[in-house]
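Student: whatever this is, show me its structure:
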Amino acid sequence: MKNEKKITVQTAILSALTNAFMAVGKGVAGIFGNSDALIADAIESTSDVLSSILVIFGISYAQKPADEDHPYGHGRAESLSTFAVVGFLIVSATFILNEGIRNLFQKQEMPESFTFYVLIAIVLIKELSFQYVYKKGKQTNSSTLMADAWHHRSDAISSVIALIGVGISLFLGPQYVHADDWAAIIASLFIYYNAYKIFRPTLGEIMDEHMHHELIDEIRKIAFEVNGVKATEKCWVRKSGMYYQVDLHIEVDPELSVERGHEISHLAKDLLMERLDAISHVHIHIEPYYPKS
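Tutor: Numbering: from 1, shown residues only. Next comes the predicted model:
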């Protein structure tokens with residue numbers, strides 16, 4: 001568990017540094033290369049740096065242990081930081097869209113040829129960043145890292161769109177100079193869509209949406225391994241940060257003593273915590289078992 005927490009923080013810091021490097025590189029290349037699409041990309045990367053800082057803060061805060069005021073821990077802070085990432089995406093997309101539309105009605109200079117190769121490098125770096133952060137997000141079960149990974153993929157695709165726009169301007173001539181601006185506009189629409197894709201599952205976590213069916217099946221299967229468990233009834237799972245909290249109703253022989261029923265519940269809880277590392281809390285409720293006729 002400690003190792004997973006360390007991995008999430010280290011990955012988030014590396015992601016922030018990558019975004020900072022990209023923001024500077026895109027900005028310099030866009031200004032000196034007369035590329036509105038690259039400048040728009042740089043603006044998005046600047047917002048990425050700010051969102052990455054919030055991601056680091058959210059992950060670090062979410063890992064604080066439970067206390068008297070937060071008996072279930074601080075895991076929801078990670079979901080809140082994911083909302084912040086979505087907010088920055090929306091702000092960035094709105095700014096890029098506005099600038100792209102405005103530039104369509106202004107005289108534009110042709111982008112420099114080197115911007116084409118800069119964009120190729122950016123696409124490769126961003127796609128590699130996506131692959132790395134996505135892998136770490138899966139490994140640690142961190143919704144914030146997963147959101148950050150898709151943020152990198154969003155950047156990669158918007159840079160591909162910018163690459164196409166710059167390429168059209170460069171290879172088809174001055175009459176297509178506004179292809180660069182159209183690329184920025186299309187990229188902004190994609191960023192809006194990506195923001196929704198990140199927002200939707202995180203909203204489900206905050207609202208305790210019933211969406212962990214495979215994990216529930218595994219929980220029921222493990223509970224049946226405990227001697228004395230006759231059946232399982234309700235099983236509710238909520239995600240908090242990187243971990244899950246479980247409420248499980250198990251059915252036992254109604255003739256058992258309270259002490260034996262209590263012992264069975266603890267055996268079930270201990271077995272679930274042992275088998276499923278992603279579970280941070282288990283609450284067991286005992287019900288009497290009556291065979292269905």
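
Student: do you know how far Tyr243 is from Leu272?
Tutor: 13 Å (Cβ to Cβ, to the nearest Å). Where C-beta positions appear, they are placed from N, C-alpha and C, glycine not excepted.

Student: got any residues that touch both of the two?
Tutor: Residues touching both Tyr243 and Leu272 (Cβ atoms under 8 Å, 6 or more residues apart in numbering): Ile279.

Student: next SSE after the one helix or strand Gln139 maps to?
Tutor: For Gln139, the host element (DSSP states H and E) is helix 114-140. Downstream of helix 114-140, the next assigned helix or strand under DSSP H and E is helix 143-172.

Student: packing partners for the helix or strand following that next one?
Tutor: Counting by DSSP H and E, the next helix or strand C-terminal to helix 143-172 is helix 179-206. Helices and strands touching helix 179-206, by 3 or more Cβ pairs under 8 Å, 6 or more residues apart in numbering; DSSP states H and E, are helix 36-62, helix 76-104, helix 143-172, strand 231-240.

Student: the third one to strand 231-240, inter-axis angle?
Tutor: In terms of direction (axes from the mean of the first three to the mean of the last three Cα atoms, to 10 degrees), helix 143-172 departs from strand 231-240 by 50 degrees.

Student: quick one: mean pLDDT over helix 143-172.
Tutor: Mean pLDDT, computed over helix 143-172, is 79.

Student: check which residues of it are buried.
Tutor: By 16 or more other Cβ atoms under 10 Å, the buried positions in helix 143-172 come out as 143-170.

Student: could you find the closest non-adjacent residue to Glu44?
Tutor: Ser92 (4.3 Å; Cβ to Cβ, 6 or more residues apart in numbering).

Student: re the thing from before, now the helix holding Gln139: buried residues?
Tutor: By 16+ other Cβ under 10 Å, the buried positions in helix 114-140 come out as 115-116, 118-119, 122-123, 125-127, 129-130, 132-134, 136-137, 140.

Student: quick revisit: residues contacting the residue nearest to Glu44?
Tutor: Counting by Cβ under 8 Å, 6+ apart, Ser92 makes contact with Ile43, Glu44, Ser47, Asp48, Ile191.

Student: just to revisit the earlier point, what's the angle from the helix holding Gln139 to helix 143-172?
Tutor: Put simply, helix 114-140 runs at 160 degrees to helix 143-172, going by the same axes, to 10 degrees.

Student: and Ser52, how far is that from Glu218?
Tutor: From Ser52 to Glu218 the distance is 33 Å (Cβ to Cβ).

Student: which one of the two is surrounded by more residues?
Tutor: Ser52 (24 against 14; other Cβ atoms under 10 Å).

Student: how about the contacts made by that one?
Tutor: Counting by Cβ under 8 Å, 6+ apart, Ser52 has contacts Ala12, Ser15, Ala16, Asn19, Asp148.

Student: with Tyr176 instead?
Tutor: Counting by Cβ under 8 Å, 6+ apart, Tyr176 touches Ile168, Ser169.

Student: repeat for the one 4 residues further on
Tutor: With contact set as Cβ under 8 Å, 6+ apart, Asp180 has these partners: Ser35, Asp36, Ala37, Gln108, Pro111, Ala162, Gly165, Val166, Ser169.

Student: closest one of these to His210?
Tutor: Here the nearest of the contacts of Asp180 to His210, counting by Cβ to Cβ, is Ala162; it sits at 40.4 Å.

Student: so that closest one makes contact with Ala187?
Tutor: Yes. With contacts counted by Cβ atoms under 8 Å, Ala162 reaches Ala187, the gap being 6.2 Å.

Student: hang on, the earlier thing: and the helix holding Gln139, what's its mean pLDDT?
Tutor: 87.

Student: ok, now stretch 271-287?
Tutor: For stretch 271-287, the per-residue pLDDT averages 88.

Student: off-centre distance for it?
Tutor: Computed by Cα atoms, centre = their mean, to the nearest Å, the chain-centroid distance of stretch 271-287 equals 25 Å.

Student: my read: Lys234 touches Ile250, true?
Tutor: No. With contact defined as Cβ under 8 Å, Lys234 does not reach Ile250; the gap is 9.7 Å.

Student: which one of the two has more residues nearby?
Tutor: Ile250 (26 against 10).

Student: so what's that one bridging to?
Tutor: Using DSSP bridges, the bridge partners assigned to Ile250 are Thr232, Ile286.
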